[in-house]
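Enquirer: Generate coordinates for the sequence data below:
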Amino acid sequence: MISSKLHLAMFMKPCCLFSSVEYRFAHVAAPLTKPAVTGALPLIKSTERMQKLQTLLKEEPLPLSHFLLDKFNREHTYLRISLTERCNLRCKYCMPAEGIQLTPKEELLSKDEIIKLSRLFIEEGITKIRLTGGEPLVRRDLCDIIEELNSMKEPYSNLKSIGMTTNGLTLPRKLPALQEAGLDSLNISLDTLNPVKFELITRHRGWDRVMKGIESAVAMGFSPVKINCVVMNGVNEDEICDFVQLTRNLNVDVRFIEYMPFDGNQWNDKKMVSYRDMLDTINVKFPNIVRLEDAKNDTSKGYKVDGYAGQFGFITSMSEHFCGTCNRLRITADGNLKVCLFGNSEVSLRDELRSGKDDQQLMEIIGAAVNRKKKQHADYPFPSASLVSPHHSNVLLALTRPILLAPSFATYTSARNIHVSHTKCSSKLTHVNDSGKATMVDVSNKPITKRVAVATGKVRLSDAAFQAVSENTLSKGDVLEVAKIAGIMAAKQTSTLIPLCHSISLTRIEITLKLDYDDRSVAIEGLAGTADRTGVEMEALTGVTVAALTVYDMCKAVDRESVIDNIRLVMKEGGASGHYSYS
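Expert: Below you'll find the predicted structure:
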């Protein structure tokens, strides 16, 4: 028996408006008492019939469509939509060193396509939409999109919340327009409370503007206002308690996010700080924290310092996943549906939409994708590079550019397994005469031979200095390039710097500086070559030493505690003493 509400709706509906509703009801096992109404309903010219229908539909929320229910009975009521791949920052945790290949504009979803897909999902039971990027604020029609989404809100549908994730750089001047359009919640990405470190991480100034945006959003009544902080060992783990302290007078929800993998971010477990370790750190300074009750589908484990205005929590994607309660679906900027952030399976809704598929066919495709969603994402410790594409999500993290030390160079810098191979090593100091006075060795009787020497060294830096060097943001210029030139010049002047060295004709000088991300250092290698009567060990060592001093000099404004370490000869070839190697 058809209920009176459904009977009324079937007789009153315009056919174009309810084409997908009848199909939906034909496929729902449980009897329903009313049809789904498209989000366009409030925009249709008002008539007495439509007003009556709207009144009927205000009484209770619409049921969730079976298309959004997977085989593990997870109800997907949260839709994240990426509006753009572009961003006005170049954060190291998000942007690979080689950059990203932007999708051509014509292959991205248009505003009308975004609205059509949103309306379709809302009809099926989506209650929350979050707009992401890239950086959504760079999209010029953002407020128009929010305004149209807002027109679909309850009581005419299930949609209750429209949120946005942003870096906050241009937020202060855009907040009034966003609020007027209908935006009600904000997630703001901020990984440091240090303005200098902010610039190093994001390659852009603007920390003060982001903080102003956060404070303004709270003052204007956005609720909730969440701060997303990706915690990285050796980068910002020392600021965890500072972020908690921020909640003392500011009603924000700081969410500490475990370092997560994506394509190109050089993920490794040394950078990850687990939420248990973070919580232990917080407990030392704030012993009076309170565990909050989490909602059914919360991704964050919530806590609060007793008496503080705000709260904090942990998103534990790596150490304790929350796949069992996942209710999220994602649409990328180019229109691909992702049912799992960590999965590489995608369905192009854009292509299906542009091919002329109707609502019924689109929902069949969406339902099939949802039904294929796995019980949980894979466990790693070192994930595949294909997990997540950086411009399709705001996850993490590429704080370093991929400069790797060559294997041969790494053996030089190892402090273990020392092995010396040579034909002869004298126990007598050749630069001291029989009376103990310094003297220069006479090499006139030695044959001219080809000689090569290699030396290495390191300059260990603080995190801030290392990031400044890696991003070439120091005021004195390019540290690696200047130090390279300095090392070459010094090697050529060895005999004027070291009193008892011979002046020889160098045939080759190479100074190489590379960033070693494992221990936050600049690794230096110097190679010197000649065809002469004496060796070039001192030239190689002098080049490395002066290059290291130059690195120190250029970084001392940021870090006066840099350490020059392990300058040593690692190889020499030629001359009467033959071959020597340190390995």
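
Enquirer: use CA for all of it now, contacts and neighbours both
Expert: Noted.

Enquirer: can you pull the contacts of the residue nearest to I504 when sequence neighbours are not counted?
Expert: In this structure, I504 finds its nearest non-sequential neighbour in D532, 6.9 Å apart by Cα to Cα, 6 or more residues apart in numbering. For D532, the contacting residues are P447, I448, T449, K450, R451, I504, S505, by Cα atoms under 8 Å, 6 or more residues apart in numbering.

Enquirer: can you check V284 too?
Expert: V284 touches nothing, counting by Cα under 8 Å, 6+ apart.

Enquirer: isn't there a helix covering it?
Expert: Yes - when DSSP: H, G, I helix; E, B strand; the rest coil is applied, V284 is found to be in a helix.

Enquirer: Would you mind measuring from it to G313?
Expert: Taking Cα to Cα, to the nearest Å as the measure, V284 falls 16 Å from G313.

Enquirer: quick revisit: most neighbours among the contacts of D532, which one?
Expert: R451 (23 neighbours; other Cα atoms under 10 Å).

Enquirer: Which helix or strand contains R173?
Expert: For R173, the element it lies in under DSSP states H and E is helix 171-181.

Enquirer: Alpha carbons of the very next helix or strand once past that helix, in PDB - could you do that?
Expert: Next in sequence after helix 171-181, counting helices and strands by DSSP H and E, comes strand 185-189. Taking Å, rounded to 0.1, in the frame of the first residue of the first chain, the C-alpha atoms of strand 185-189 are listed here in PDB:
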ATOM      1  CA  SER A 185      32.600  25.100   9.400                       C
ATOM      2  CA  LEU A 186      36.400  25.400   8.700                       C
ATOM      3  CA  ASN A 187      39.400  23.200   8.900                       C
ATOM      4  CA  ILE A 188      42.600  25.300   8.700                       C
ATOM      5  CA  SER A 189      46.000  23.600   8.000                       C
END
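
Enquirer: Return the distance of strand 185-189 from the chain's centre.
Expert: Computed by Cα atoms, centre = their mean, to the nearest Å, the chain-centroid distance of strand 185-189 equals 16 Å.

Enquirer: what are the ranges of the strands in the stretch 51-200 of the chain?
Expert: In the stretch 51-200 of the chain, the strands defined using DSSP state E, counting those that start in this stretch lie at 78-82, 128-132, 161-166, 185-189.

Enquirer: Show me what the second one is packed up against.
Expert: With contacts defined as 3 or more Cα pairs under 8 Å, 6 or more residues apart in numbering; DSSP states H and E, the secondary structure elements packing on strand 128-132 are strand 78-82, strand 161-166.

Enquirer: same thing with the last one?
Expert: In this structure, strand 185-189 packs against strand 161-166, strand 225-231, with contacts taken as 3+ Cα pairs under 8 Å, 6+ apart.

Enquirer: Just want the angle from that strand to strand 128-132.
Expert: Computed by axes from the mean of the first three to the mean of the last three Cα atoms, to 10 degrees, the angle separating strand 185-189 from strand 128-132 equals 30 degrees.

Enquirer: for strand 185-189, which positions count as buried?
Expert: Of the residues in strand 185-189, S185, L186, N187, I188, S189 count as buried by neighbour count, 16 or more other Cα atoms under 10 Å.

Enquirer: Export the residues you listed as JSON lines, with columns for distance to D277.
Expert: Formatted as JSON lines, these follow (distance: Cα to Cα, whole Å):
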{"residue": "S185", "distance to D277": "29"}
{"residue": "L186", "distance to D277": "27"}
{"residue": "N187", "distance to D277": "24"}
{"residue": "I188", "distance to D277": "24"}
{"residue": "S189", "distance to D277": "21"}
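
Enquirer: what's the closest of those residues to E471?
Expert: S189 (20.6 Å; Cα to Cα).

Enquirer: Just list whatever residues bridge to that closest one.
Expert: In this entry, S189 is beta-bridged to N228, by DSSP bridges.

Enquirer: Now for N327: which residues touch it?
Expert: Applying Cα under 8 Å, 6+ apart to N327 gives the contacts R74, E75, H76, T77, Y78, N297.

Enquirer: Just the buried residues of those residues.
Expert: Counted by 16+ other Cα under 10 Å, the contacts of N327 give R74, E75, H76, T77, Y78, N297 as buried.

Enquirer: how about these in a markdown table, adding pLDDT?
Expert: Below are these laid out as a markdown table (pLDDT from 0 to 100):
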| residue | pLDDT |
| --- | --- |
| R74 | 94 |
| E75 | 94 |
| H76 | 95 |
| T77 | 95 |
| Y78 | 96 |
| N297 | 87 |
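
Enquirer: farthest pair in those?
Expert: R74 and Y78 (11.4 Å).

Enquirer: ok, back up a step: mind putting the contacts of D532 in a markdown table, secondary structure and distance to I114 included?
Expert: Listed next are the contacts of D532 as a markdown table, based on DSSP: H, G, I helix; E, B strand; the rest coil; distance: Cα to Cα, whole Å:
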| residue | secondary structure | distance to I114 |
| --- | --- | --- |
| P447 | coil | 79 |
| I448 | coil | 76 |
| T449 | strand | 74 |
| K450 | strand | 70 |
| R451 | strand | 68 |
| I504 | coil | 72 |
| S505 | coil | 70 |
